[in-house]
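S.K.: Next come a sequence and a model predicted from it.
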Amino acid sequence: MRRLGSSLTSICPRFLLGALALALAACRAQPPPQTGASQAAAKTRPAFEATTAEPSSTPSATGEPARTPSPLPGKPDEAPAEATPARPAYNLSAVLDYGRHQLAVEELITYPNRSGEPLEDLLLLVEPTRYPSVFHLISLTLSPGGAEVEDYTLDIGQLRIRLPQPLPPGEAITLELAYELDLPSPDADYYGRPIPFGYTSRQTNLVDWYPYLPPYVLGEGWLAHQAGFFGEHLAYESADFQVRIRLEDDRPELTVAASAPATRDGDWRVYRLDAARNFAWSVSHLYTVTSTSVGDVEVLGYAFPAHAESGALTLQVTAEALALYNDLFGAYPHQTLSVVEADFLDGMEFDGLYFLSNAFYNLYRGGYDDYLTAIAAHETSHQWWYGLVGNDQALEPWLDEALATYSERLYYERLHPEALDWWWAYRINYYEPRGWVDGSIYNPEGYRAYRDAVYLNGAEFLEALRDQIGDQAFLAILKQYATENARQIATGEDFFHLLKPYAGEDLTHLIARYFAQPVDLDP
Ligand SMILES: [Zn+2]
């Protein structure tokens with residue numbers, strides 16, 4: 001995610017003459033002085049050769065000690081019993097009345113217990129319950145047996161089911177739910193943050209719209225956190241999705257954007273998305289759709305009609321970034337990637353689809369030295385740092401956000417190096433970032449302190465790490481981190497494990513400058 005409010009302060013200097021009320025209202029400081037420009041110039045480095053950075057060419061791939069076993073789900077060293085299905089499966093059938101803002105859903109969840117211990121209860125996260133009078137549970141049954149579940153509690157954000165008998169490791173259970181959503185139209189001022197879920201006069205966004213099971217951590221339980229005032233609090237296990245969508249009031253001008261390509265079955269749009277964190281979709285009567293290809297992947301842009309130029313740039317940047325990150329981090333795993341212009345003041349990533357605030361489209365004035373470009377690259381990289389490699393977004397947000405912010409830098413240096421100085425000056429140095437990179441979303445000092453520490457100082461850390469170990473090793477580590485942790489929940493330990501071949505006093509000091517928690521680099 002990249003919140004817009006704070007970024008407006010940074011783009012003010014460019015638009016002081018543009019009489020943009022929103023930007024002017026948010027502008028609280030002068031543009032970076034000369035020192036910022038010189039810092040930025042010092043950061044410029046020549047373009048690298050992505051294809052030379054193979055993990056096998058690095059010291060980390062030779063003579064490595066066995067990696068420390070991790071307690072998180074699905075790690076290779078915790079291979080589940082053979083009969084256990086590989087992943088949870090979600091079969092969703094949804095009927096949307098776009099005009100009435102109502103959604104009726106039948107959901108079938110097949111959940112394999114790969115935790116390694118018996119499960120006495122199941123926890124489902126139900127994000128729609130965070131909004132009053134939105135989520136209405138109609139029925140809840142367990143299979144085998146098809147018995148109606150009576151022993152459950154439904155609180156804000158969570159549905160906890162007490163199982164009649166524990167689910168043994170290696171066995172799967174099937175849950176069937178029916179529910180209706182009276183979709184909200186959340187007021188960002190009321191909630192104190194942009195809300196990507198619900199409808200506006202121009203679109204309906206269905207994100208985290210179905211109950212799902214979070215990852216389960218052996219010995220600790222379900223990986224579920226309270227929502228913060230900012231930042232994302234959810235963690236997602238990789239799962240398979242089959243989704244059928246029907247629009248009750250379908251008409252030609254209604255367009256559906258989704259995490260996967262649709263096939264048609266009569267009135268139904270049918271989707272399949274395997275090994276993904278979630279399935280998001282968006283409907284509008286106004287979208288203009290554009291598309292391009294990156295290899296076998298179709299990149300789709302959904303923008304409002306007034307934004308043809310900024311919509312075209314967004315599609316281009318997304319495709320460029322996708323191609324670059326394919327090279328750098330490994331192949332994008334899905335058939336499509338959609339970027340959807342959003343009526344909330346935020347960028348927000350989901351698997352196979354991301355939202356980008358209409359304010360970024362509004363403010364775009366041409367060129368690449370622009371937040372529309374930077375944030376499109378950022379959100380695209382979340383397909384790796386969030387989608388392919390999952391993490392605990394609440395407690396270790398640097399694993400997705402610092403890497404996504406630094407991926408913007410990689411995009412600029414490779415695709416538009418003429419704008420790299422702008423990026424360092426206005427995206428990073430302007431804020432003089434400080435704070436522990438390994439902070440959580442529950443930073444008591446507020447959003448700015450959180451963002452500066454995790455996103456911006458996180459990018460500074462990665463730059464310093466790259467300076468220390470060299471381009472080839474640094475890029476190889478990013479790729480290895482993506483490969484080894486694909487479809488898992490990675491931890492900081494997994495990242496630092498890859499730095500062990502470079503352990504030494506210098507690296508220890510470098511990490512201690514940025515991380516509050518001590519990091520063990522001993523072999
Ligand atoms: Zn982000």
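M.R.: Alright, I've got the coordinates.

S.K.: helix or strand right after the one helix or strand residue 324 maps to?
M.R.: Using DSSP states H and E, residue 324 maps to helix 308-329. Next in sequence after helix 308-329, counting helices and strands by DSSP H and E, comes strand 336-342.

S.K.: Run the chain-centre distance for that next one.
M.R.: When distances are taken as CA atoms, centre = their mean, to the nearest Å, strand 336-342 is centred 13 Å away from the chain's centroid.

S.K.: hang on, the earlier thing: could you say what helices and strands the helix holding residue 324 packs with?
M.R.: If you count contacts as 3 or more CB pairs under 8 Å, 6 or more residues apart in numbering; DSSP states H and E, helix 308-329 packs onto strand 288-294, strand 297-303, strand 336-342, helix 358-363, helix 371-381, helix 398-415, helix 471-484. Yep, even glycine has a C-beta here, placed from its N, CA and C like the rest.

S.K.: now the closest residue to residue 172 other than its chain neighbours: how far from residue 382?
M.R.: Using CB to CB, 6 or more residues apart in numbering and skipping residues adjacent in sequence, the residue nearest residue 172 is residue 112, 4.3 Å away. Residue 112 is 26 Å from residue 382, where distance means CB to CB, to the nearest Å.

S.K.: Between the two, which has more neighbouring residues?
M.R.: A direct count of neighbours by other CB atoms under 10 Å for residue 112 and residue 382 places residue 382 higher, at 24 against 20.

S.K.: was I right about that one contacting residue 349?
M.R.: Yes. Between residue 382 and residue 349 there is a contact at 3.6 Å, judged by CB atoms under 8 Å.

S.K.: tally of neighbours for residue 367?
M.R.: Residue neighbour count, defined by other CB under 10 Å, stands at 14 for residue 367.

S.K.: Wait, residue 486 touches residue 390, no?
M.R.: No. Counting by CB under 8 Å, residue 486 sits too far from residue 390 to count as a contact (9.4 Å).

S.K.: the more surrounded of the two?
M.R.: Applying other CB under 10 Å to residue 486 and residue 390 shows that residue 390 carries more neighbours, namely 28 against 19.

S.K.: where does residue 484 land on pLDDT?
M.R.: At residue 484, the model reports a pLDDT of 98.

S.K.: ditto for residue 68
M.R.: 35.

S.K.: helix/strand/coil for residue 278?
M.R.: Using DSSP: H, G, I helix; E, B strand; the rest coil, the structure places residue 278 in coil.

S.K.: For residue 107, which non-adjacent residue is spatially closest?
M.R.: Counting by CB to CB, 6+ apart, residue 177 is the residue found nearest to residue 107 once chain neighbours are left out, at 4.5 Å.

S.K.: Quick one: residues contacting the one you found.
M.R.: By CB atoms under 8 Å, 6 or more residues apart in numbering, the contact list for residue 177 reads 105-107, 109, 137, 139-140, 211.

S.K.: Most neighbours among these, which one?
M.R.: The member of those that has the most neighbours, counting by other CB under 10 Å, is residue 211 with 25 neighbours.

S.K.: Could you check the pLDDT of the closest residue to that residue other than its chain neighbours?
M.R.: Leaving aside its chain neighbours, residue 211 sits nearest to residue 124 (4.0 Å; criterion: CB to CB, 6+ apart). At residue 124, the model reports a pLDDT of 98.

S.K.: For residue 124, what is the enclosing helix or strand?
M.R.: Counting by DSSP H and E, residue 124 is found in strand 119-126.

S.K.: Packing partners of the helix or strand following that strand?
M.R.: For strand 119-126, the succeeding helix or strand toward the C-terminus, using DSSP H and E, is strand 135-143. Where contact means 3+ CB pairs under 8 Å, 6+ apart, strand 135-143 is packed against strand 147-148, strand 157-167, strand 172-182.

S.K.: most tightly surrounded among these?
M.R.: Burial of the helices and strands packed on strand 135-143 is given as mean neighbour count (mean count of other CB atoms under 10 Å); strand 172-182 ranks first at a mean of 18.

S.K.: Keeping just the C-alphas, turn that one into PDB.
M.R.: Output of strand 172-182 as PDB, limited to C-alpha atoms (Å, rounded to 0.1, in the frame of the first residue of the first chain):
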ATOM      1  CA  ALA A 172      -9.000 -31.700   5.600                       C
ATOM      2  CA  ILE A 173     -12.400 -30.200   6.600                       C
ATOM      3  CA  THR A 174     -15.000 -28.600   4.400                       C
ATOM      4  CA  LEU A 175     -17.000 -25.500   5.500                       C
ATOM      5  CA  GLU A 176     -20.000 -24.200   3.700                       C
ATOM      6  CA  LEU A 177     -21.200 -20.600   4.300                       C
ATOM      7  CA  ALA A 178     -24.000 -18.600   2.900                       C
ATOM      8  CA  TYR A 179     -24.100 -14.800   3.600                       C
ATOM      9  CA  GLU A 180     -25.200 -11.500   2.300                       C
ATOM     10  CA  LEU A 181     -23.400  -8.200   2.300                       C
ATOM     11  CA  ASP A 182     -25.100  -4.800   2.300                       C
END
